[in-house]
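>>> one predicted model, sequence on top.
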2 protein chains.
Amino acid sequence: MNPFPPEPARRTVALPGPWKLTSGVELPELVVAYETWGERDRAEEETILLFTGLSPSAHAASSPDDPRPGWWEGMIGPGAALDTHRAWVVCVSALGSCFGTSGPRSLDPARGRSWEDEFPEVRLEDTARAAGCALRALGLKRAHTVVGASMGGMSALAYALLHPGEVERLVLLSCAAASDPWAIAIRALQRRVLAEAGAEGLRLARALGLLSYRSADEWRLRFGRRREASHAPPGDPVKFSVETYLEARAARFAEVFDPHSYRVLSAAMDRFDAADFGDGDLVRALAPLAGRRICVVGVETDLLFPVRQQEDLARACAAAGGRVVFHRLPCLAGHDSFLVERETFAAVIRSFLGSP
Amino acid sequence: MNPFPPEPARRTVALPGPWKLTSGVELPELVVAYETWGERDRAEEETILLFTGLSPSAHAASSPDDPRPGWWEGMIGPGAALDTHRAWVVCVSALGSCFGTSGPRSLDPARGRSWEDEFPEVRLEDTARAAGCALRALGLKRAHTVVGASMGGMSALAYALLHPGEVERLVLLSCAAASDPWAIAIRALQRRVLAEAGAEGLRLARALGLLSYRSADEWRLRFGRRREASHAPPGDPVKFSVETYLEARAARFAEVFDPHSYRVLSAAMDRFDAADFGDGDLVRALAPLAGRRICVVGVETDLLFPVRQQEDLARACAAAGGRVVFHRLPCLAGHDSFLVERETFAAVIRSFLGSP
């Protein structure tokens, strides 16, 4: 089970400002929260840079410094998919999130209080550039391998395109070159619900998000039409277990997540389009990946990033000259499968990163 | 294009009260709005009873009495799928809806004002029984053929199970014996948004519903990542065409539909389970359909009632002794395909109803 709330990362690196966003707006300062696994001595040999999805912090897994389980527990460590016997692993928290990296909860020095709804629009390219700046500030020359799932996969792709010549291997899980209109629609609706539903806004938006993160098949097997025996609000006398599950998950999320971060990251996912790196031509955009090894993984039950999108991404990477491996996984847990069915993902990633 | 708002049906039949709902609550009176096509003289030979989905009125198609296009225009008439050369066709508006049949907008005589949020819980079995009462009040002995899509398909199934021996042919389109948890979750969330988002509630709930009525593939081809050039609200500078489409559709709906009706019908869809007619055993429940001709139709891109559900329903009807025809249609418009890709549905229905 994915632990939530995520534990914030313990380390941050502060970068000198002003730091210019893709939009042209300048942040007076930039802080990047990160966490690392393995021995720093291995970093020159291989650094693995991991980007997160929308919800988690950089605390991807437990470590000797911080034994609390992370959102990708078991995927990082000696002999794990991201193998600390061979590599130094660093995970960065996304720009605009609320777990240590600059975002709506950070202090706006000009106003002497946190940014909140005044935090500027960020793009996933900004998260990718911020990660690059953080690595340099930590004395590292490059990330040899970049890994991400969902929003993290898009950020990883942006990183590779913004740092041509640096990345040798790219692992893109349950993501796409750009979001489809159905994904845009369900996220835009989450932002509208967030804006209109007051105190319930973040809970309802998150519940709506969960509808796109899981699969109908999983819920059918898990909940069926089971009802909550005790619950009987007026006018709606039947409450199904799936409703209780969604409410509990969403409430737990809303207790810790920042609504402004939710809006900022949600819009950044809609906005990202790798084809922008090639004037609208995706294959041209991916040209810097020629000769690089790229692993693209999709899940058949994914509603948010349907597996057709990973097929399209793999095909475009190959057309751009990348050395592409594509996996179509029959996982049941939909978009969240990379969090839920970790063993399946671990096997695929281990096989890819373990081979020359 | 499906005309919306729907035109209310022109005719109503008032049934003497009190009229007991499945829940045990009594309505002081029952009014059923309906519309008919063809010659009443044909009714003894064949009466086709059509149930509606959640949104429409009983004005399913234009007629000499009312030339305005209906929600299933082209599907009813001389030589059409529901062929008025051979049959008399009647469509009834659902109990709890807001287009003439008793519902939250009806007068509650005890309080001297409309029911609104005090309207009792209804079930699709109530809509089916109300239709039966209306037919009897109109002097008809039976419906030979019962047809419905979505909520209307569930109501049609309920009608057949509540009037054993009466129905000879049953056409069940894009529906199921019961809703899956994903469908329950997205509808429960619509009701929560409706309750929490104030004046925006019905618009947001409807937009959320539309996410389940259409398909990702359709929207990808129709909208792609096209943007609205003119729109730039602060903090979210990009607006995609799919957002504008959803907002416009939802706003048009919210102008005419009643929020209490939305809640009542939405909960009735969650609640319906044909297996309830057989103490939880679906095949036993369907036993009254033994020997009857049943046409079950599903669409591959349906998110709300996935085609697996129509396959399961067809299998259960066959196991109960029904003479079943099943069609799996490769339509692109998802759950709404019966409204959008009418020619495809017309061909299937015509073939079924035209054969002995």
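Received, thanks. Residues are numbered from 1 along each chain as shown, chains lettered A, B, ... in the order given.

>>> report pLDDT for whatever residue of the stretch 1-150 of chain A ends up closest to chain B.
Per CB to the nearest CB, residue A:121 is where the stretch 1-150 of chain A lies closest to chain B, at 6.3 Å. For the C-beta atoms, the positions are set from N, CA and C on the backbone; glycine is no exception. Looking at residue A:121, its pLDDT reads 95.

>>> all strands in the stretch 201-350 of chain A, in order from the N-terminus.
For the stretch 201-350 of chain A, the strands defined by DSSP state E, counting those that start in this stretch cover A:293-299, A:323-329.

>>> and the last one, what does it pack onto?
Strand A:323-329 is packed against strand A:293-299, helix A:307-319, helix A:342-354, with contacts defined by 3 or more CB pairs under 8 Å, 6 or more residues apart in numbering or on different chains; DSSP states H and E.

>>> in CSV: those, plus distance to residue B:301.
Below are the helices and strands packed on strand A:323-329 laid out as CSV (distance: least, CB to CB, whole Å):
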stretch, distance to residue B:301
strand A:293-299, 18
helix A:307-319, 12
helix A:342-354, 26
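
>>> out of the ones you listed, deepest packed?
The highest mean neighbour count among the helices and strands packed on strand A:323-329, using mean count of other CB atoms under 10 Å in any protein chain shown, belongs to strand A:293-299: a mean of 25.

>>> quick one: residues in contact with that one.
By CB atoms under 8 Å, 6 or more residues apart in numbering or on different chains, the residues outside strand A:293-299 that reach it are A:168-174, A:305-307, A:309-311, A:313-314, A:317, A:322-331, A:333-335, A:337-338, A:345, A:348-349, A:352.

>>> can you list the strands that that strand pairs with?
strand A:169-173 (parallel), strand A:323-329 (parallel) (DSSP bridges).

>>> distance to residue B:187 for the strands of the stretch 201-350 of chain A - can I get that in JSON lines?
Output for the strands of the stretch 201-350 of chain A, formatted as JSON lines (distance: least, CB to CB, whole Å):
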{"stretch": "strand A:293-299", "distance to residue B:187": "25"}
{"stretch": "strand A:323-329", "distance to residue B:187": "29"}
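
>>> OK, contacts around the nearest residue to residue A:46 once chain neighbours are set aside?
Excluding the flanking residues, the one nearest residue A:46 by CB to CB, 6 or more residues apart in numbering or on different chains is residue A:87, at 3.9 Å. By CB under 8 Å, 6+ apart, the contact list for residue A:87 reads A:38, A:42, A:45-48, A:144-145.

>>> for stretch A:280-298, measure first residue to last.
Criterion CA to CA, to the nearest Å; first-to-last residue distance in stretch A:280-298 is 23 Å.

>>> how far away from the center of its chain is it?
Chain-centre distance of stretch A:280-298: 19 Å, with CA atoms, centre = their mean, to the nearest Å.

>>> again, but for stretch A:194-214
18 Å.

>>> could you dump the strands of the stretch 201-350 of chain A to JSON lines with mean pLDDT?
Formatted as JSON lines, the strands of the stretch 201-350 of chain A follow (pLDDT from 0 to 100):
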{"stretch": "strand A:293-299", "mean pLDDT": "98"}
{"stretch": "strand A:323-329", "mean pLDDT": "98"}
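
>>> how about the helices in the stretch 151-300 of chain A?
Ranges of helices within the stretch 151-300 of chain A are A:151-162, A:181-196, A:201-213, A:216-222, A:241-256, A:259-271, A:282-285, based on DSSP state H, counting those that start in this stretch.

>>> output the shortest one as CSV, nothing but the C-alphas.
Right, the one you point to is helix A:282-285. Extracted C-alpha coordinates of helix A:282-285, given in CSV (Å, rounded to 0.1, in the frame of the first residue of the first chain):
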residue,chain,number,x,y,z
LEU,A,282,7.3,15.2,-32.0
VAL,A,283,9.9,13.2,-33.8
ARG,A,284,11.9,16.3,-34.5
ALA,A,285,11.6,17.2,-30.8
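
>>> could I get the buried residue list for it?
Using 16 or more other CB atoms under 10 Å in any protein chain shown as the test for burial, helix A:282-285 gives A:282, A:285.

>>> please see if it touches chain B.
No. Helix A:282-285 lies out of reach of chain B by CB under 8 Å from any CB of the partner chain, never closer than 11.6 Å.

>>> what's next to that helix, contact-wise?
By CB under 8 Å, 6+ apart, helix A:282-285 touches A:161, A:177, A:274-279, A:316, A:319-320.

>>> picking that back up, deepest-packed of the strands paired with strand A:293-299, please.
strand A:169-173 (a mean of 25).

>>> residue A:23 - how many residues pack around it?
12 (other CB atoms under 10 Å in any protein chain shown).

>>> which stretches of the stretch 101-250 of chain A have low pLDDT?
Residues of the stretch 101-250 of chain A that meet the criterion pLDDT under 70 lie in A:230-237.

>>> show me what contacts residue A:43?
Per CB under 8 Å, 6+ apart, neighbours of residue A:43: A:88, A:140.

>>> hang on, I meant residue A:289
A:160-161, A:170, A:317, A:320-322.

>>> could you do residue A:106 as well?
Applying CB under 8 Å, 6+ apart to residue A:106 gives the contacts A:31, A:114-115, A:119.

>>> and it, how far is that from residue A:127?
14 Å (CB to CB, to the nearest Å).

>>> can you check residue A:286 too?
From residue A:286 to residue A:127 the distance is 19 Å (CB to CB).

>>> could you do residue A:147 as well?
14 Å.

>>> quick one, domains of chain A?
According to automatic domain parsing, chain A comprises the domains A:11-180+A:273-354, A:183-261.

>>> residue B:23 is nearest to which of those domains?
With CB to CB as the criterion, residue B:23 lies closest to domain A:183-261 of those, at 7.9 Å.

>>> quote the end-to-end distance of the closest one.
Start-to-end, domain A:183-261 (CA to CA) is 18 Å.

>>> where do the helices sit along the stretch 1-150 of chain A?
Along the stretch 1-150 of chain A, counting by DSSP H, counting those that start in this stretch, helices occupy A:124-137.

>>> any idea what sits nearest the most centrally placed residue in chain A, other than its immediate chain neighbours?
Residue closest to the average C-alpha location in chain A (CA atoms, centre = their mean): residue A:53, at 1.5 Å. Excluding its sequence neighbours, the residue lying closest to residue A:53 (CB to CB, 6+ apart) is residue A:150, at 4.0 Å.

>>> what's the burial count for that neighbour?
Count around residue A:150 with other CB under 10 Å applied: 26.

>>> now do the contacts for it.
Counting by CB under 8 Å, 6+ apart, residue A:150 has contacts A:53-54, A:173-175, A:304-305, A:335, A:338.

>>> now swap in residue A:238 and tell me
A:227, B:267, B:270-271.

>>> dump stretch A:94-105 to CSV, restricted to CA.
Output in CSV follows, covering the C-alpha atoms of stretch A:94-105 (Å, rounded to 0.1, in the frame of the first residue of the first chain):
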residue,chain,number,x,y,z
ALA,A,94,8.4,19.0,-8.2
LEU,A,95,8.4,22.7,-8.6
GLY,A,96,5.0,24.0,-7.4
SER,A,97,4.4,21.0,-5.1
CYS,A,98,4.1,21.4,-1.3
PHE,A,99,6.8,19.1,0.0
GLY,A,100,9.9,21.3,0.2
THR,A,101,10.6,22.5,-3.3
SER,A,102,9.5,26.1,-4.1
GLY,A,103,5.8,26.3,-4.4
PRO,A,104,2.6,28.0,-3.2
ARG,A,105,3.5,27.3,0.4
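
>>> any residues touching that stretch, and which ones?
Stretch A:94-105 has contacts (CB under 8 Å, 6+ apart) with A:6, A:8-9, A:12, A:27, A:29-33, A:51-52, A:54, A:56-59, A:92-93, A:114-117, A:119, A:122, A:126-127, A:130, A:151-152, A:155, A:256-258, A:260-261, A:264-265, A:268.
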